[in-house]
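> Got a predicted structure plus its sequence, pasted below:
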Amino acid sequence: MLVSGEDATEDFMAIHSSDAKKRLADFHIGSLLQDIRTKTFEEDEQSGPFLHPKKWKKVVLVNVKDVSGNAKIFRFSLPYQEQELGLPVGQHVYVRLRRNIAHQDNAGNEQGELVQRAYTPLLERRTKGFIDMLIKYVSSTYQP
């Protein structure tokens, strides 16, 4: 639903297993003749909520707090200190990043595997200016 009417290639690749990617060829029905992908990052407006259902937005990691040996609370700052997240109760946010960035292409875009996950943030109803997420990870060698 997040990418309806758009090229969903990056979203598909970010959330599906290698087995699903191998089966993709069995369901291929054609190719687009024109590249319709566009950047979805836009400048935030200070007056409204941060989240938008169709736009990816950047946040900055500002703190990492240990919870246990393999779980941490990551705090990300929103662009404006008084900005609300705008997430309905009981919903989650999608987080997207590039892993194993080896280089940049000719246009300066980062190259690497796109990873996307859904998280339910830890926040009070009227929290402003940041978003906290409890994340459990597998590797014991994590270094922020």
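That came in fine, so what should we check first?

> if I look at the residue nearest to V67 when sequence neighbours are not counted, how far off is L51?
Counting by CB to CB, 6 or more residues apart in numbering, V67 lies nearest to I73, which is 5.9 Å off, once chain neighbours are set aside. Backbone N, C-alpha and C define where each C-beta goes, glycine included. As defined by CB to CB, to the nearest Å, I73 lies at a distance of 19 Å from L51.

> go on, E113?
As judged by CB to CB, E113 and L51 stand 25 Å apart.

> go on, M13?
Between M13 and L51 the distance, using CB to CB, works out to 23 Å.

> So, low pLDDT: which residues of the chain?
Applying pLDDT under 70 to the chain picks out residues 1-5, 28-46, 100-111, 139-144.

> cutoff 90 now
1-59, 68-71, 84-127, 135-144 (pLDDT under 90).

> can you pull out the helices in it?
Assigned by DSSP state H, the helices in the chain fall at 9-15, 18-23.

> list the buried ones in the longest one?
Spelled out, it's helix 9-15. Applying a neighbour-count criterion of 16 or more other CB atoms under 10 Å, one finds D11, A14 buried in helix 9-15.

> by contact count, what packs against that helix?
Counting contacts by 3 or more CB pairs under 8 Å, 6 or more residues apart in numbering; DSSP states H and E, the secondary-structure elements packed against helix 9-15 are strand 113-119.

> ok, the strand it packs on: who's next to it in the sheet?
Partners of strand 113-119 in the sheet, by DSSP bridges, are strand 93-99 (antiparallel).

> now what about the partner strand, what contacts it?
Outside of strand 93-99, the residues that reach it under the criterion CB atoms under 8 Å, 6 or more residues apart in numbering are 2, 14, 51, 56, 85, 87, 110-121, 131, 133.
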